[in-house]
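Asker: Prediction below, plus the sequence it came from.
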Amino acid sequence: MALVEVQVPDIGDFDEVAVIELLVKVGDTVKAEQSLITVESDKASMEIPSSTAGVVKELRVALGDKVKQGSVVLVVETAGASAAPAVSAAAAPAAAVAAAPSAAVASTSAAATTGPVEVRVPDIGDFKDVAVIEVMVKPGDTIKVEQSLITVESDKASMEIPSSAAGVLKDIKVKVGDKVNIGDLLAVLEGAVSAPGPAPVAAAVATLAAAPAAPVAQAFSPAPAQAPVATAPSAPAHNPLGHTAGLPHASPSVRKFARELGVPLNEVQGTGLKGRITADDVQAFTKAVMSGSVQTKAQAAKAPAPASGGAGSELGLIPWPKVDFAKFGPIERKEMSRIKKISGANLLRNAVMIPAVTNHDDADITELEAFRVLTNKENEKSGIKVTMLAFLIKACVAALKKFPEFNSSLDGDALIYKQYYHIGFAADTPNGLVVPVIKDADKKGVLQISQEMAELAKKARDGKLGPADMSGATFTISSLGGIGGRYFTPIINAPEVAILGVCKSQMEPVWDGKTFVPRLMLPLSLTWDHRVIDGAAAARFNAFLGQILSDFRRVLL
């Protein structure tokens, strides 16, 4: 056994960057190239990898510390053999730095080449059994690290799954229509170079020409990265001197961020130091694509969509009318955003497949609105603004507990009754409708729910919602807030079995048995799946929900 100090490698032209996250603790077993800490400068954030495998014996940095190249991050206890590559790399003579880049690449590839390598599905968020909708490679293809292999699609989004290694594709283990999960075997590569190489110190102490052992393929792959969105294995901090290898100039954290958003980094113009791509650059590119002002190469390569609507032949319907609108007058054609394309397909499926019925009702929220206004005055200094939707979420949780079939899902001929209460709420964004989810709403108060809603709504507007932020809902509320309208028929978000639509409240004269009195009434529209719920249960649900909103003390019962 040996004790090895793990130091900060070359992180570019940055001096004394701040530690913003500790990713390991004393006692953890770490692998070579596993991320240890996250550091941040005024330009970007990046992850610092381990130069060797072993057990963490001591942490030498804390949150807020400033580190630079050569700073000791931690001490690991390694087996004698495992420390050798790091030591030899660190002791490499300076003459190696002057070696030709092509010779170093060849040496690196030879050192990293292995036998058959299995490529598996990485962490793709809180998704289970996602469908393979496209296989992008075939046996015999030469695969590069981060090259997209397949495209998968859930009911929320589609994403490309990248390769974690480079090599020749020997066998593809999935086909269109298969369901995959994290860890499932995708492909087998021959002559593969795995992404996490065994000699990370080479990347930390030398340029590309100096690397005597296998660096991470993500840092030195000679081909541009594709556009996967799934989370891939961690990679070391970017070596700016290795930028000539062709990979876009960005840190691992920015690469991960780009993958999550599906952004092809090789199409992003970096504005950071020496052309480094920052998180802001990725966000700006995403907004430009979503607004239609920029088109990715992948989008440009796709054939144009049909003029309007679907054919309808799958349902035995007559063809959708195809009209040359330009002959009647001036027109402007705008492609729908990615969000609208995905949500549109899901809504069509749900509207066709679910026998939905909608109940309309009104709830008296006069006292609740007065309490909400008072609460906001009392909590003005906290900065948390309580909305009626936060009260609605708590009220719906109480109703779901009393009527558990509304918190269930169909699974063949069986019903899955969920013992958790995750409430989705529809959020309007410039690019379309998204549904963030408040997890475990039954365990949170109205103030905490209001704060989480504000944070999720901001992420939605900024295009930063991740898959985990939009998955797992058991019931959804679609609120038109103060926009207007009276009632509407919201479409159920499968595999949920009900959704509540809420419109603008307004003062109305209500008969109290003696006279008409002004009351603030909130229109409710409950859509439910008739396969699971009958009309009587729906009426009782709405009535109970109205009782809670009219006297919120009932939520405690």
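Answerer: Looks like it came in fine. Residues are numbered from 1 along each chain as shown.
Asker: Please identify the buried residues of the longest strand that the chain contains?
Answerer: Criterion DSSP state E: the longest strand present in the chain is strand 516-529. Residues of strand 516-529 classed as buried by neighbour count (16 or more other C-beta atoms under 10 Å): 519-529. (C-beta placed from N, C-alpha, C; glycine too.)
Asker: Could you do stretch 528-543 as well?
Answerer: For stretch 528-543, by 16+ other C-beta under 10 Å, it's 528-529, 532-533, 538, 541-542.
Asker: Between these, which sits nearest residue 504?
Answerer: residue 542 (18.1 Å; C-beta to C-beta).
Asker: residues contacting that closest one?
Answerer: Contact analysis of residue 542 by C-beta atoms under 8 Å, 6 or more residues apart in numbering lists 359, 361, 524, 526.
Asker: Distance to residue 406 and pLDDT added to the buried residues of strand 516-529, as a markdown table?
Answerer: Shown next, in a markdown table, are the buried residues of strand 516-529 (distance: C-beta to C-beta, whole Å; pLDDT from 0 to 100):
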| residue | distance to residue 406 | pLDDT |
| --- | --- | --- |
| 519 | 27 | 95 |
| 520 | 26 | 95 |
| 521 | 23 | 95 |
| 522 | 19 | 95 |
| 523 | 19 | 95 |
| 524 | 14 | 96 |
| 525 | 15 | 96 |
| 526 | 9 | 97 |
| 527 | 11 | 97 |
| 528 | 7 | 97 |
| 529 | 9 | 96 |
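Asker: rewinding a little: now secondary structure and distance to residue 279 too, for the buried residues of stretch 528-543, in JSON lines please.
Answerer: Compiled in JSON lines, the buried residues of stretch 528-543 are given as follows (DSSP: H, G, I helix; E, B strand; the rest coil; distance: C-beta to C-beta, whole Å):
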{"residue": "528", "secondary structure": "strand", "distance to residue 279": "42"}
{"residue": "529", "secondary structure": "strand", "distance to residue 279": "41"}
{"residue": "532", "secondary structure": "coil", "distance to residue 279": "43"}
{"residue": "533", "secondary structure": "coil", "distance to residue 279": "45"}
{"residue": "538", "secondary structure": "helix", "distance to residue 279": "46"}
{"residue": "541", "secondary structure": "helix", "distance to residue 279": "44"}
{"residue": "542", "secondary structure": "helix", "distance to residue 279": "45"}
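Asker: As CSV, these with distance to residue 66 would be great.
Answerer: Output for the buried residues of stretch 528-543, formatted as CSV (distance: C-beta to C-beta, whole Å):
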residue, distance to residue 66
528, 57
529, 57
532, 58
533, 59
538, 60
541, 57
542, 59
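Asker: Go through the residues you listed and name the one nearest residue 438.
Answerer: Proximity of the buried residues of stretch 528-543 to residue 438 (C-beta to C-beta) peaks at residue 541, which lies at 19.4 Å.
Asker: where in the stretch 301-450 of the chain is pLDDT low?
Answerer: 301-315 (pLDDT under 70).
Asker: and if we set it to 90?
Answerer: 301-322, 334-349, 378-384, 412-413, 426-434 (pLDDT under 90).
Asker: Stretch 185-194: how far from the chain's middle?
Answerer: Mean C-alpha position of stretch 185-194 versus that of the full chain (C-alpha atoms, centre = their mean, to the nearest Å) differs by 26 Å.
Asker: let me redo that: stretch 463-475
Answerer: In terms of C-alpha atoms, centre = their mean, the centre of stretch 463-475 is set 8 Å apart from its chain centre.
Asker: and what of stretch 504-515?
Answerer: 45 Å.
Asker: Now do it: distance from first to last residue.
Answerer: The straight-line separation of the ends of stretch 504-515 (C-alpha to C-alpha, to the nearest Å) is 25 Å.
Asker: Could you list the buried residues of it?
Answerer: So, applying 16+ other C-beta under 10 Å, buried residues of stretch 504-515: residue 505.
Asker: Average pLDDT for that stretch, rounded please.
Answerer: What stretch 504-515 shows for mean pLDDT is 92.
Asker: Now do that stretch: everything it contacts.
Answerer: Contact partners of stretch 504-515, identified using C-beta under 8 Å, 6+ apart, comprise 362, 364-365, 369, 388, 480-485, 516-523.
Asker: CA-only coordinates of stretch 320-329, as CSV, when you get a sec.
Answerer: Extracted in CSV, the C-alpha atoms of stretch 320-329 (Å, rounded to 0.1, in the frame of the first residue of the first chain):
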residue,chain,number,x,y,z
TRP,A,320,-55.1,15.4,-43.7
PRO,A,321,-55.9,18.3,-46.1
LYS,A,322,-52.8,19.6,-47.9
VAL,A,323,-53.3,23.2,-48.9
ASP,A,324,-51.0,25.7,-50.7
PHE,A,325,-51.7,28.6,-48.4
ALA,A,326,-49.5,31.0,-50.3
LYS,A,327,-52.0,31.1,-53.2
PHE,A,328,-54.5,32.8,-51.0
GLY,A,329,-52.2,35.5,-49.6
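Asker: rewinding a little: could you export the buried residues of strand 516-529 as TSV, including distance to residue 424?
Answerer: What follows is these, written out as TSV (distance: C-beta to C-beta, whole Å):
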residue	distance to residue 424
519	29
520	26
521	25
522	19
523	20
524	17
525	16
526	15
527	14
528	16
529	16
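Asker: ok, of those, which one's closest to residue 164?
Answerer: Using C-beta to C-beta, the buried residues of strand 516-529 come closest to residue 164 at residue 529, 40.4 Å.
Asker: Quick one: residues contacting that closest one.
Answerer: Taking C-beta under 8 Å, 6+ apart as the test, what residue 529 contacts is 354-356, 410, 492, 497-498.
Asker: In helices only, show me the residues you listed.
Answerer: Assigned to helices by DSSP state H, none of these qualify.
Asker: Which positions within stretch 46-63 qualify as buried?
Answerer: Buried residues in stretch 46-63, counted by 16+ other C-beta under 10 Å: 46-54, 56, 59, 61.
Asker: do you know how far residue 168 is from residue 117?
Answerer: 11 Å (C-beta to C-beta, to the nearest Å).
Asker: Kindly report the same for residue 349.
Answerer: Residue 349 is 38 Å from residue 117, by C-beta to C-beta.
Asker: Look at these two and report which has more neighbours.
Answerer: Between residue 349 and residue 117, counted using other C-beta atoms under 10 Å, residue 117 has the larger neighbour count: 21 against 13.
Asker: what's across from that one in the sheet?
Answerer: With DSSP bridges as the criterion, residue 117 is bridged to residue 189.
Asker: Do a quick rundown of the helices in the protein.
Answerer: Assigned helices in the chain, in chain order: 80-90, 101-112, 201-205, 217-220, 252-261, 279-291, 297-301, 338-353, 366-378, 388-402, 446-461, 535-550 (criterion: DSSP H).
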